[in-house]
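Visitor: pasting the sequence and the predicted model now:
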Amino acid sequence: MELCDGLRSRRTIRKFLDKKVSRETVLEILTDAHWAPSASNQQPWNFYVVTGEPLTRLCSAIQTAHKEKKKAYDPSKGKTIPARYVARTKKFFKDLRPAINSLGDENRTFIESGSFRFYDAPVVIIVAMHKNMPQSRLMDIGMAAENLMLSAHARGLGSCAIALTLLYADVIHTALGISDDLDTVLCIALGYTDSDFPLNTFRSSRENIEELIMWVGFDV
Ligand SMILES: Cc1cc2nc3c(=O)[nH]c(=O)nc-3n(C[C@H](O)[C@H](O)[C@H](O)COP(=O)(O)O)c2cc1C
């Protein structure tokens, strides 16, 4: 796959085929992730790769915690997100609504319930970073995560970055025995794409790029 084609054709996948992903394939994908740039080449990423019975146990631990605590997701982390970004969230969910509705009434909250079970992906990758790293190093993690998702796409797999589950990062830490030195910063569901699933054919929109660019020093 041409790199630029891959960048533009990747999309979030929220249902996977009942097909195993081999350890070799995951290793190839994580090796691509590992070639991401990072500040001073610190490579601050740590990957916990979970499948099988431990993944089933992890999902049920998260679901139990959610039933008990029902924590509300606060993407703004107490800050006031400017209205134009809130409007983009609203547009995203409005655009997605017909595909969600087509799943039936019992799936009204599909994004929330699906995220808490990692959309039943055969493999979940938990990305963690040392607690003492400055927040700015999350840039490096993001770069590795995008490499990971593009590599998966190029190899015929799909992925979904999942932040909602970080509400229960403590549960993830306990279930996987993650070192106390590490913070869980992102979860990524990984598997072979179920191409027939309505949400998997959904294409999220983008703002007009020209409105987000300030050209400086270019001829008009
Ligand atoms: C950091 C991050 C966290 C995300 N968290 C979730 C999540 O918890 N649940 C979910 O279904 N999608 C999640 N997504 C997927 C976004 O909704 C998706 O990337 C966005 O709508 C753009 O769509 P696209 O990936 O298909 O281009 C997340 C994406 C990112 C980058």
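Guide: That came in fine, so what should we check first?

Visitor: quickly list what the residue positioned nearest the centre of the chain is bridged to.
Guide: For the chain, the residue nearest the mean C-alpha position is residue 161 (0.5 Å; Cα atoms, centre = their mean). When bridges are assigned using DSSP bridges, the partners listed for residue 161 are residue 188.

Visitor: quick check on residue 127: phi, psi?
Guide: Listed backbone geometry of residue 127 is phi -100, psi 130, with angles given as degrees, to the nearest 10.

Visitor: and for it, the neighbour number?
Guide: A count of neighbours around residue 127, defined by other Cβ atoms under 10 Å, yields 23. The way it works is simple: take the backbone N, C-alpha and C, and place the C-beta from them, glycine included.

Visitor: okay, the residue lying closest to it once chain neighbours are set aside: pLDDT?
Guide: Beyond its immediate neighbours in the sequence, the residue positioned closest to residue 127 (Cβ to Cβ, 6 or more residues apart in numbering) is residue 186, lying 4.4 Å away. Reported pLDDT at residue 186 in the predicted model: 98.

Visitor: which helices and strands does the helix or strand where residue 186 lies pack with?
Guide: The secondary structure element spanning residue 186 is strand 182-192 (assigned by DSSP states H and E). Secondary-structure packing of strand 182-192 (3 or more Cβ pairs under 8 Å, 6 or more residues apart in numbering; DSSP states H and E): strand 123-130, helix 138-154, strand 157-162, helix 169-176.

Visitor: can you add mean pLDDT and distance to residue 113 and give these back as CSV?
Guide: Shown next, in CSV, are the helices and strands packed on strand 182-192 (pLDDT from 0 to 100; distance: least, Cβ to Cβ, whole Å):
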stretch, mean pLDDT, distance to residue 113
strand 123-130, 98, 16
helix 138-154, 98, 22
strand 157-162, 98, 12
helix 169-176, 96, 16
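
Visitor: out of those, flag the one nearest the ligand.
Guide: With respect to the ligand, and counting by Cβ to the nearest ligand atom, the nearest of the helices and strands packed on strand 182-192 is strand 157-162 at 3.7 Å.

Visitor: please see if that closest one touches the ligand.
Guide: Yes. Using Cβ under 6 Å from any ligand atom as the criterion, contacts between strand 157-162 and the ligand involve 160, 161, 162.

Visitor: in CSV: those residues, plus distance to residue 172.
Guide: Compiled in CSV, these are given as follows (distance: Cβ to Cβ, whole Å):
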residue, distance to residue 172
160, 16
161, 15
162, 11
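
Visitor: around the ligand, pick out the residues from this structure.
Guide: Within the chain, the positions near the ligand by Cβ under 6 Å from any ligand atom are 11-12, 14, 92, 111, 115, 160-164, 186, 204.

Visitor: buried among the residues you listed? Make that a ChimeraX selection.
Guide: Once 16 or more other Cβ atoms under 10 Å is used to decide burial, the buried members of those can be selected in ChimeraX as follows:
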select :11,12,14,111,115,160,161,162,164,186
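
Visitor: so can I have TSV of the residues of the chain next to the ligand showing distance to residue 4?
Guide: What follows is these, written out as TSV (distance: Cβ to Cβ, whole Å):
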residue	distance to residue 4
11	15
12	19
14	25
92	24
111	29
115	29
160	22
161	21
162	26
163	27
164	30
186	24
204	18
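
Visitor: any idea which of the residues of the chain next to the ligand is closest to residue 36?
Guide: Proximity of these to residue 36 (Cβ to Cβ) peaks at residue 186, which lies at 13.2 Å.

Visitor: many thanks, we can stop here.
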